[in-house]
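Engineer: pasting a predicted model and its sequence here:
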Amino acid sequence: MDILAGRRAVVTGAAGGIGGAIARAYAREGARLLLADRDGARLQAVADECASHGADVESVEADLGEVAGADRCIETCVRRYGGIDILVNNAGLLTQALCTDLTVEMWDDMLRVDLRSVFLCTRRALPGMVAQRWGRVINTASQLGIKGGAELSHYAAAKAGVIGFTKSVALEVSQHNVLVNAIAPGPIRTPMVDGISESWKQAKAAELPLRRFGEPDEIAPTAVLLASDPGGNLYCGQTLGPNSGDVMP
């Protein structure tokens, strides 16, 4: 349908399961793409897939948790396409430990990648969106940012921060037709989740009303909706939950 035809979109964490699925979905819908991730090899594979759908694609290998990496990501999009319309903040990592076993380094790295990157990329992208009076910022949170998760306190804290950040920035820029929203997936079968213990995953699946984890391609349509016009036009500061029923607001 090409409902994103011509839109200039940045997708961070694009080498991962959810990021890659969103990038491919945007490519199929006609967006021009700037894809960013720390994993250059996997990032290039996703970029090649997007190009096979006819998309105009550029990739940037960067650490989005650092100012230089975040700025370079957004500036590359602006330089290549003349601006930015859509920012999907999806860069993230996932580690597991009891709070008492967490090191300061694990805590800091989690917040740097999963929360600080969202702030840094959004801060750089907003002025252009406000000036053109059109923009969409879509932040990947997690249902654990709403309900918490044993052995994942650092991850839940970062994702709760993403949700709070989303609501606050939405209040600041919505009057300029820049809409900021979050997606809070439940457990999804991705390479990132593969690092979590099998016992945790089995127990989690048993809790879910759908009794199964989701797939990345089941998250991407929500990111397409929020980026679309008119489909996403009334979403402002919202947290959408494709989460297998784990959280029911």
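Structural biologist: Great, that's in hand. Numbers count the residues shown, from 1 in each chain.
Engineer: quick check, central residue of the protein?
Structural biologist: residue 90 (2.3 Å; C-alpha atoms, centre = their mean).
Engineer: so the residue of the chain positioned farthest from its centre: helix, strand or coil?
Structural biologist: What lies farthest from the middle of the chain is residue 100; by C-alpha atoms, centre = their mean that is 28.6 Å. What DSSP: H, G, I helix; E, B strand; the rest coil gives for residue 100 is helix.
Engineer: roughly how far apart are it and residue 153?
Structural biologist: Distance, residue 100 to residue 153, by C-beta to C-beta, to the nearest Å: 10 Å. All C-beta spots, glycine's among them, are computed from the backbone N, C-alpha and C.
Engineer: and what of residue 207?
Structural biologist: Residue 207 is 18 Å from residue 153, by C-beta to C-beta.
Engineer: these two: who's more crowded?
Structural biologist: Ranked by neighbour count (other C-beta atoms under 10 Å), residue 207 and residue 153 place residue 153 first, with 18 against 12.
Engineer: look up the closest residue to that one, ignoring the ones flanking it.
Structural biologist: Leaving out its chain neighbours, the residue that sits closest to residue 153 by C-beta to C-beta, 6 or more residues apart in numbering is residue 99, at 4.7 Å.
Engineer: the residue nearest to residue 174 when sequence neighbours are not counted: what's it in contact with?
Structural biologist: In space, and not counting its chain neighbours, residue 174 is closest to residue 236: 5.0 Å by C-beta to C-beta, 6+ apart. With contact taken as C-beta atoms under 8 Å, 6 or more residues apart in numbering, residue 236 is in contact with 170, 174, 179-181.
Engineer: please repeat the previous calculation with a cut-off of 10 Å.
Structural biologist: 166-167, 170-171, 173-174, 178-181 (C-beta atoms under 10 Å, 6 or more residues apart in numbering).
Engineer: among these, who's most crowded?
Structural biologist: Neighbour max across those (other C-beta under 10 Å) = residue 180, 29 neighbours.
Engineer: buried sites along the helix or strand of the chain with the lowest mean pLDDT?
Structural biologist: Using mean pLDDT, DSSP states H and E, the weakest-scoring helix or strand in the chain turns out to be helix 198-207, at a mean of 87. For helix 198-207, the neighbour count (16 or more other C-beta atoms under 10 Å) marks 200, 204 as buried.
Engineer: can you give me the strands for the protein?
Structural biologist: 8-12, 32-37, 57-61, 86-89, 135-140, 178-183, 239-240 (DSSP state E).
Engineer: including mean pLDDT, could those go into JSON lines?
Structural biologist: Shown next, in JSON lines, are the strands of the chain (pLDDT from 0 to 100):
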{"stretch": "strand 8-12", "mean pLDDT": "98"}
{"stretch": "strand 32-37", "mean pLDDT": "98"}
{"stretch": "strand 57-61", "mean pLDDT": "98"}
{"stretch": "strand 86-89", "mean pLDDT": "98"}
{"stretch": "strand 135-140", "mean pLDDT": "98"}
{"stretch": "strand 178-183", "mean pLDDT": "98"}
{"stretch": "strand 239-240", "mean pLDDT": "98"}
